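Peer 1: Compute the structure for the input listed below.
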Amino acid sequence: MQRRACLDAGTIHQHYIQDPPPKVENLFVDIENGKIHAIVPEQILVEVFKQLCVVRGKGYALKVINDIYANEYLEIRSLSKDLVAEAGRLKCQYRDIVSYNDAILIALAVQESAMLHTTEKNLPQIPGLKVVKYVFDA
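Peer 2: Next comes the predicted model:
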């Protein structure tokens, strides 16, 4: 059975840097080989662009975003009304801990019964949320 994963911006960013961590590369090999179905909320790509732009420049960031949209191994997901409401509820409840993007990712991961792959260090304990953490090296 194919596993499901939601990816945060830091995890995607690490994949596209020079000499990415082996743990991140193994994740993306599994995604590209169809072992993991990866879902990314479209809003997360704004953060990915920003992170890559800072490190490698606007041209590189644009190339990566174009590649992500052209490839089929990442499912880019728009927000539904239900997801907006659940992410908003999480942001309200954990407003001092969780960013807007993290609230969206958490809501999507729980909704999809997917593992959240994240570089975030301080996520609250949320029922139904399964997390794999990665160390972020900018």
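Peer 1: Can you verify my assumption that I36 contacts C6?
Peer 2: No - using Cβ atoms under 8 Å, I36 is not in contact with C6, being 10.6 Å away. Just so you know, the C-beta spots here come from the backbone N, C-alpha and C atoms, and that holds for glycine as well.
Peer 1: which of these two has more neighbours?
Peer 2: Between I36 and C6, counting by other Cβ atoms under 10 Å, C6 is the more crowded of the two (28 against 20).
Peer 1: show me where the protein has strands.
Peer 2: 3-7, 36-41, 74-77, 115-118, 130-133 (DSSP state E).
Peer 1: In CSV: these, plus distance to D96 and mean pLDDT.
Peer 2: Shown next, in CSV, are those (distance: least, Cβ to Cβ, whole Å; pLDDT from 0 to 100):
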stretch, distance to D96, mean pLDDT
strand 3-7, 22, 97
strand 36-41, 22, 97
strand 74-77, 27, 96
strand 115-118, 18, 96
strand 130-133, 19, 95
